[in-house]
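# sequence first, then the predicted structure, then my questions.
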Amino acid sequence: MNKLIIIALVAIIGIGVTYAISPYFTSSTVNEALPNSAIPLKMEDTTMMKDESMMKDESMMKDESMMKDESMMKDESMMKDESMMKDESMMKDEPIMEDMQMQTYGGTFVGVGDGIHDAQGMVRTIPLNDGNNVLRLENFKATNGPDLYVYLSTDNKASEFVSLGKLKANNGNQNYDIPENTDLEKYSKVLIWCKAFGVLFGNADLSPQ
C-alpha cells in the first residue's frame, strides 16, 4: 500500500516538474501585422502638407490681387478673413483630435536578470479609429515558461493589474487589445508574468511618446 502511495506521489511530482520546466526548452514565434484600423502615427505630417498647400494658394491669390482693381482686392480681403477664421477653427480642433487619438506610449523591456527569466524588445501603444488602443510588442524575445501572461500593472509585483491575455509566443511582433477606458497613466508597466507561479520574467515602463 505504501509503495502505491509513493509511486503516485512520484508520478504527480514528475508531471508537475515536466509542466514547469518543459517550456524552457521550447520556443515559438508569432508575427502579426499592424491593426487595419490603426491611426497613422504621422497625422501632423498630413496637417503640415495641408498648411503648405494653403500657404501656396494664398501666395497665388496675393499675386493675382495685385493685378486686380480695388473692388476685387476688397473681395479677396474678405475671403482671406473668412479663410483665416476657418484656419483658426481647424487649428483649435486639431490639438483636441491629437490629444484624443494620438496619445501614444512606449517603452523597452528589461529582463529580471537572474539568468533564467528574461524579456527583451520594444513595446508601444497604437490608437485605433474606434478610440481604443492596442499594445504592440515589437522585436520581442523572452525566455519561454509556463502560463505566461501580458499584464498592464501599477508595479512590478502585479499588485494591481489589467490582464491582456496569455502571451501568444515568446518571440516576434504581437498585438494585444487594451480594454476600453484603461488608464495608461496608472497601469504604466507592461509585465511578462508567469501566472501559475507568480514570477516576473520582464517588464517595460510605458512613457508618453
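Alright, I've got the coordinates. Residues are numbered from 1 along each chain as shown.
# Arg124 contacts Thr108, doesn't it?
No. Counting by CB atoms under 8 Å, Arg124 stays clear of Thr108, with 10.1 Å between them. For every residue, glycine as well, the C-beta is placed using N, CA and C.
# the closest residue to Leu206 other than its chain neighbours pairs with what?
Among residues not flanking Leu206 along the chain, Tyr105 sits closest, at 4.0 Å (CB to CB, 6 or more residues apart in numbering). For Tyr105, the beta-bridge partners are Pro208 (DSSP bridges).
# quick check: Tyr105 touching Ile126?
No. Counting by CB under 8 Å, Tyr105 stays clear of Ile126, with 10.0 Å between them.
# coming back round to it: what's the burial count for the residue nearest to Leu206?
20 (other CB atoms under 10 Å).
# can you map out the strands along the protein?
29-31, 105-108, 110-111, 119-127, 133-142, 148-153, 161-166, 171-178, 189-194, 199-205, 207-208 (DSSP state E).
# and the pLDDT for the residue lying closest to Arg124 once chain neighbours are set aside?
Spatial nearest neighbour of Arg124, chain neighbours left out: Gly106 (3.9 Å); criterion: CB to CB, 6+ apart. Looking at Gly106, its pLDDT stands at 99.
# which residues touch Gly106?
Shown in contact with Gly106 (CB atoms under 8 Å, 6 or more residues apart in numbering): Met122, Val123, Arg124, Thr125, Leu206, Ser207, Gln209.
# redo those as a markdown table? Include neighbour count.
Output for those, formatted as a markdown table (neighbours: other CB atoms under 10 Å):
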| residue | neighbour count |
| --- | --- |
| Met122 | 15 |
| Val123 | 24 |
| Arg124 | 19 |
| Thr125 | 21 |
| Leu206 | 20 |
| Ser207 | 10 |
| Gln209 | 12 |
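# show me the contacts for Arg136.
Leu34, Val123, Arg124, Thr125, Ile126, Asn173, Gln174, Asn175, Tyr176.
# an error on my part: the question was meant for Asn171.
Contacts of Asn171 (CB under 8 Å, 6+ apart): Ser27, Ser28, Thr29, Val30, Phe140, Lys141, Ala142.
# go on, Ser28?
Ser28 touches Asn144, Ala169, Asn170, Asn171, counting by CB under 8 Å, 6+ apart.
# switch the residues you listed over to JSON lines; also include distance to Gly115 and pLDDT.
Shown next, in JSON lines, are the contacts of Ser28 (distance: CB to CB, whole Å; pLDDT from 0 to 100):
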{"residue": "Asn144", "distance to Gly115": "15", "pLDDT": "97"}
{"residue": "Ala169", "distance to Gly115": "22", "pLDDT": "98"}
{"residue": "Asn170", "distance to Gly115": "16", "pLDDT": "98"}
{"residue": "Asn171", "distance to Gly115": "19", "pLDDT": "99"}
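# this completes my enquiry, with thanks.
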